[in-house]
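sequence-free structure coming up:
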């Protein structure tokens with residue numbers, strides 16, 4: 001089995017570091033990380049990750065704006081990338097909008113770091 005490559009886009013540095021450590025140390029996934037939606041877009045188009053784990057609430061370009069830009073990208077790989085959203089605002093997001101943008105699921109913040117990789121793998125069908 002080939003190693004999974006996951007792009008983590010999270011503006012809160014300590015949270016981003018926890019997520020990356022969980023994915024690398026617990027799941028053995030390769031991880032690339034970005035601290036903003038714009039930086040995440042550039043990485044997503046250049047590295048073609050297997051999945052993107054995305055914070056919904058970020059300054060400048062939030063998670064939904066990121067997804068709209070990603071899905072409008074000319075590169076085919078950018079339109080096929082599986083996405084899992086992380087958010088403290090689970091109740092405020094219409095699921096039909098997320099499905100249309102290719103979101104596989106939501107994980108509520110705060111999350112349990114020991115369960116995070118299992119939750120993401122389950123949402124992506126990697127388990």
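Sure, I can see it. Nothing here was measured: the structure is a model prediction, and the numbers come from that model.

use CA for all of it now, contacts and neighbours both
Fine.

mind listing the helices for the protein?
13-21, 37-47, 63-71, 76-80, 95-100, 113-124 (DSSP state H).

Mean pLDDT and distance to residue 3 for those helices - can I get that in a markdown table?
Below are the helices of the chain laid out as a markdown table (pLDDT from 0 to 100; distance: least, CA to CA, whole Å):
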| stretch | mean pLDDT | distance to residue 3 |
| --- | --- | --- |
| helix 13-21 | 98 | 15 |
| helix 37-47 | 93 | 14 |
| helix 63-71 | 89 | 23 |
| helix 76-80 | 62 | 17 |
| helix 95-100 | 73 | 26 |
| helix 113-124 | 96 | 13 |
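
Looking at those helices, which is nearest to residue 4?
helix 113-124 (10.4 Å; CA to CA).

Which other helices and strands does that closest one contact?
The elements that helix 113-124 packs onto, with contact taken as 3 or more CA pairs under 8 Å, 6 or more residues apart in numbering; DSSP states H and E, are helix 13-21, strand 82-87, strand 103-108.

Buried residues in the first one, which are they?
So that's helix 13-21. By neighbour count with 16 or more other CA atoms under 10 Å, helix 13-21 contains the buried residues 16, 19, 20, 21.

Could you pull up the residues touching residue 35?
9, 10, 11, 12, 13, 16 (CA atoms under 8 Å, 6 or more residues apart in numbering).
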